[in-house]
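# Please find the sequence and the predicted model below.
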Amino acid sequence: MTFPTGEQYELETSTASGELRATITQVAAGLRSFTVNGIDLVPAFPVDQPHFSGAGIVLVPWPNRIRDGKWSDEGVEYQLAITEPKLGNAIHGLLRYTEYQVLEREREMVTLGATVYPQLGYPFHLRTAVRYELVADGIRVTHFLENLGAEEAPVAVGTHPFVTIGDVPGASLRLQLAAGSHIETDERLLPTAEVPVAGTEWDFREPRGVDAIAFDDAFGEAIVDDDDQVVHSLSAPDGRRVSVKADADFGYVQVYATRAFPGREGDVTLAVEPMTAPAEAFNTGKGVHWLTPGEEWELSWGIHFEGFSE
């Protein structure tokens, strides 16, 4: 059977905390599900449906939005396809509907690859890959990008995981963000300013409830810990925690809340999306990595858990 998100690559392994299972989709190399002992840490959408609201997909070569799909570099103007017609933006990069190919596969790991070919508004040639690997305390995700072209190529990386602790109502979870700034936006969800979170409703440097907040917001000024990681987390009243941990390259995070996630309608479900660059990055330069011809870039993030046991 052919599914809207292509082949489904099932990963599994046994750990001291119990059985870990994950499902990766061929389309967009998305993380469709992740469980520990049957408890959702990534809520799964039905296999006979497309990615719900971008759930789990890879966002390359830019995450988030570009106003009117227009950007320029050294006097050269580019026009990307408008992929968010309602707001008139180019959103979530160029691989959202791409069929990835399997490069490696084992019981607990899969590596998928896709090529970005020169096209409207992005005349650059990239080889990309993403590896998902189950580890003792979660799932590690590593991105690989290589510039195959003859010119420097602007790139940024993001991903769109929804996270939860599946046997706890989302309204009871508390969110903590390692971020010192909040990016204010206009009616098209494009940035107008970046302001410190201190003293504002957007200060989640300490855990806070999320039930009353309509998130579709980006945060910056990532706070890097002693292990050179940026750690955002959701915690349950009983002390269990699920964290999105990312390399310091992921200097931004988007948080999106919905009450329409399939099977969880009415309850709040959060996407916690690590990004190397915010919206409008190709115009502002914030977080953009320029790959020279032949250069490779490798960076990682993951979803990790604490307090779970068999």
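Nice, thanks for sending it over.
# Name the surrounding residues that touch stretch 181-196.
65, 67, 87-89, 180, 197, 200, 202, 216-221, 252, 278-280, 284 (C-beta atoms under 8 Å, 6 or more residues apart in numbering). To be clear about C-beta, it is placed using only N, CA and C from the backbone, and glycine gets the same treatment.
# what's the answer for stretch 106-119, then?
Here stretch 106-119 makes contact (C-beta under 8 Å, 6+ apart) with 9, 11-13, 20, 24, 26, 29, 60-61, 94-95, 98-105, 122, 124-134, 148-149.
# 6 Å - rerun?
Stretch 106-119 is contacted from outside by 9, 11, 13, 24, 29, 61, 94-95, 98, 100-101, 103-104, 125-134, using C-beta atoms under 6 Å, 6 or more residues apart in numbering.
# Any quick ChimeraX command for the buried ones out of those?
Here is the ChimeraX command that selects the buried residues among the contacts of stretch 106-119 (16 or more other C-beta atoms under 10 Å):
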select :9,11,13,24,29,61,94,95,98,100,125,126,128,129,130,131,132,133,134
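# quick revisit: counting only strands, which of the contacts of stretch 181-196 make the cut?
The members of the contacts of stretch 181-196 that map onto strands under DSSP state E are 65, 67, 89, 180, 216-221, 252.
# Looking at those residues, which is nearest F162?
For those, the minimum distance to F162 (C-beta to C-beta) is 13.4 Å, reached by D216.
# Now do the contacts for T269.
Neighbouring residues of T269 by C-beta under 6 Å, 6+ apart: 162, 170, 258, 261.
# Local confidence estimate at A214?
Per-residue pLDDT puts A214 at 86.
# Adjust the sequence numbering to begin at 812 for everything that follows.
New numbering, starting at 812: the last item is A1025.
# Quick check: closest non-adjacent residue to it.
Closest residue in space to A1025, ignoring its immediate chain neighbours: A1068 at 6.3 Å, by C-beta to C-beta, 6 or more residues apart in numbering.
# isn't that neighbour right up against D1078?
No: assessed by C-beta atoms under 6 Å, A1068 is found out of contact with D1078, at 10.4 Å.
# Can I take it that W1101 is in a helix?
No: assignment of W1101 by DSSP: H, G, I helix; E, B strand; the rest coil gives strand, placing it outside any helix.
# who's it bridged to?
Here W1101 sits in beta bridges with P965, going by DSSP bridges.
# do E830 as well
S825.
# Please work out how many residues are found near it.
Other residues near E830 come to 14 when the count uses other C-beta atoms under 10 Å.
# neighbours around A1090, how many?
Neighbour tally, A1090, other C-beta under 10 Å: 26.
# pLDDT at it, what is it?
On pLDDT, A1090 comes in at 98.
# And S1120, by the same measure?
pLDDT, S1120: 80.
# Now, of the contacts of stretch 992-1007, which are buried?
876, 878, 900, 991, 1008, 1013, 1028-1031, 1063, 1089-1091.
# For those residues, name the two members farthest from one another.
Across those, the longest distance by C-beta to C-beta is 25.9 Å; it joins N900 and G991.
# Is it correct that R985 is in contact with P1018?
Yes: under the contact definition of C-beta under 6 Å, R985 touches P1018, with a separation of 3.9 Å.
# Find the residues that touch each one of those two.
Common neighbours of R985 and P1018, using C-beta under 6 Å, 6+ apart, are S1046.
# where do the strands sit along the stretch 962-1111 of the chain?
Along the stretch 962-1111 of the chain, counting by DSSP state E, counting those that start in this stretch, strands occupy 964-966, 969-970, 973-974, 985-987, 990-996, 1002-1007, 1019-1020, 1027-1033, 1040-1046, 1052-1058, 1063-1069, 1080-1086, 1100-1102, 1107-1117.
# which of these is buried the deepest?
Mean neighbours per residue, mean count of other C-beta atoms under 10 Å, is largest over the strands of the stretch 962-1111 of the chain for strand 969-970, with a mean of 28.
# Could you tell me how far that strand lies from the centre of the chain?
3 Å (C-alpha atoms, centre = their mean, to the nearest Å).
# Same check on stretch 968-983?
Its chain's C-alpha centre and that of stretch 968-983 lie 12 Å apart, by C-alpha atoms, centre = their mean.
# end-to-end on that stretch?
This stretch, stretch 968-983, spans 31 Å end to end (C-alpha to C-alpha, to the nearest Å).
# List the buried residues for the helix or strand hosting I835?
For I835, the host element (DSSP states H and E) is strand 829-836. For strand 829-836, a neighbour-count test (16+ other C-beta under 10 Å) marks 831-836 as buried.
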